[in-house]
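> this one's structure only:
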Ligand SMILES: Cc1ncc(COP(=O)(O)O)c(C=O)c1O
């Protein structure tokens, strides 16, 4: 049978490992905030590749850079010094973080987190507990998500991600998110780092309180513990500030010891990064402890990936996309009266990282939902998709909006209208 005559779903069933519950949509073309399927249907893409497509689909500048760089130099190995990787590190250090440090490049969020886990392990060896034993324990939080690798999974605070893959890597303790006293109680002589997402994404859009963030900072200083921010989903403009934690009022001045990124920094081209503070600890500099031979990645920061990411980050900064994100957040919050939408009970999040909480009790009244066998979030994502709006489930009862940072106000208006019409029980 000719490949084009075979149904896509049949090819997936036969040849693709079923590790995703995929929606029945075959995308063929993207344009800005729009996605088109094989039948020519048009969707407003507020999934944004799950917080990846910062500049939307087929962004002209990105396409130009991809074309130019790929006809010049795609890959050359980290044995050499491609200039563009250095330029990318410089913009991250000087403009994104704005504090002295150094970068390491990899290819994904999980891999970036592996990097900061290894940094912590090395730091724990170099600054041991009073007993002389290396400090090994990283405090993480319930509801967090740090990736699917063995280290990322062990750091993740969600049982559904971890279960069935034991024994997991040792050295992680999970504490209730935003619980200051639980955090204080969790610190021991063995603690070497605190790892958190300031705005938890996969866990359902949970925003850290300022009290909690400041306590993390205080504890880290007092106990010589590293403060690690996972900005993979909430970073690089997504929250209306260059760094996710800075969107939380009062947290603007916090400077962590290390940061991980991926997703939006490449705008769709795979790249991850780690920034490590150049702070001096005793006789060494933190950003230099991963010495030659201690860590690496064949593809990390290739000329092609670096050129694209450099362009994406420069555009986010130069086009002031953070302002667009903040303005649209305000517009969305002003335009949606939660009481007017029976199937929703709350909106939470910051910038264009928004979680719409489903009123499950109300949804249960619908026979079509009860017989669907689907979780509330999957059921609602399917309904919205039928009406032309793509969104992402976050846990069982939250759906997310993660549109491009340069999404247009008229597109946001259209998305709000689809939400209102679709989630009004009279119409269902
Ligand atoms: C906060 C956070 N960290 C890490 C990851 C893992 O990133 P990747 O899928 O690129 O490995 C994700 C992915 O959703 C994430 O949201």
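Thanks, I have the structure now. Values in this document were obtained by computation on a predicted structure and should not be read as measured data.
> Now for the residue of the chain found nearest the ligand, how many residues are close by?
Using Cβ to the nearest ligand atom, the single residue of the chain nearest to the ligand is residue 109, 2.3 Å away. Quick note: C-beta positions are derived from backbone N, CA and C, even for glycine. Using other Cβ atoms under 10 Å, residue 109 has 27 other residues around it.
> Over to residue 137?
So residue 137, with other Cβ under 10 Å, has 21 neighbours.
> which SS class is the nearest residue to residue 352 once chain neighbours are set aside?
Among residues not flanking residue 352 along the chain, residue 325 sits closest, at 5.0 Å (Cβ to Cβ, 6 or more residues apart in numbering). When classified by DSSP: H, G, I helix; E, B strand; the rest coil, residue 325 comes out as helix.
> can you pull the contacts of residue 325?
237-240, 351-352, 405 (Cβ atoms under 8 Å, 6 or more residues apart in numbering).
> Redo these as a markdown table? Include distance to residue 390, neighbour count and secondary structure.
As requested, the contacts of residue 325 are arranged in a markdown table below (distance: Cβ to Cβ, whole Å; neighbours: other Cβ atoms under 10 Å; DSSP: H, G, I helix; E, B strand; the rest coil):
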| residue | distance to residue 390 | neighbour count | secondary structure |
| --- | --- | --- | --- |
| 237 | 20 | 31 | coil |
| 238 | 17 | 31 | coil |
| 239 | 21 | 28 | coil |
| 240 | 22 | 23 | coil |
| 351 | 19 | 22 | coil |
| 352 | 14 | 28 | coil |
| 405 | 16 | 28 | coil |
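> Taking these, tell me the two that lie furthest apart.
239 and 405 (10.1 Å; Cβ to Cβ).
> Overlap of the contact sets of the two?
With Cβ under 8 Å, 6+ apart as the test, residue 239 and residue 405 both reach 325, 352.
> Going by secondary structure, the closest residue to residue 392 other than its chain neighbours is in what exactly?
Closest residue to residue 392 apart from its sequence neighbours, by Cβ to Cβ, 6+ apart: residue 400 at 4.5 Å. Residue 400 is part of strand 398-401 when elements are defined by DSSP states H and E.
> Check what contacts that strand and list those residues.
Outside strand 398-401, the residues touching it (Cβ under 8 Å, 6+ apart) are 46, 201, 204-205, 349, 352-358, 377, 380-381, 384, 391-394, 415.
> Just to be sure, which of the residues you listed are found in helices?
377, 380-381, 384, 415 (DSSP state H).
> give the contact list for the residue of the chain closest to the ligand.
Per Cβ under 8 Å, 6+ apart, neighbours of residue 109: 146-147, 152, 230, 232-233, 260-263, 272.
> how about 7 Å then?
147, 232, 260, 262-263, 272 (Cβ atoms under 7 Å, 6 or more residues apart in numbering).
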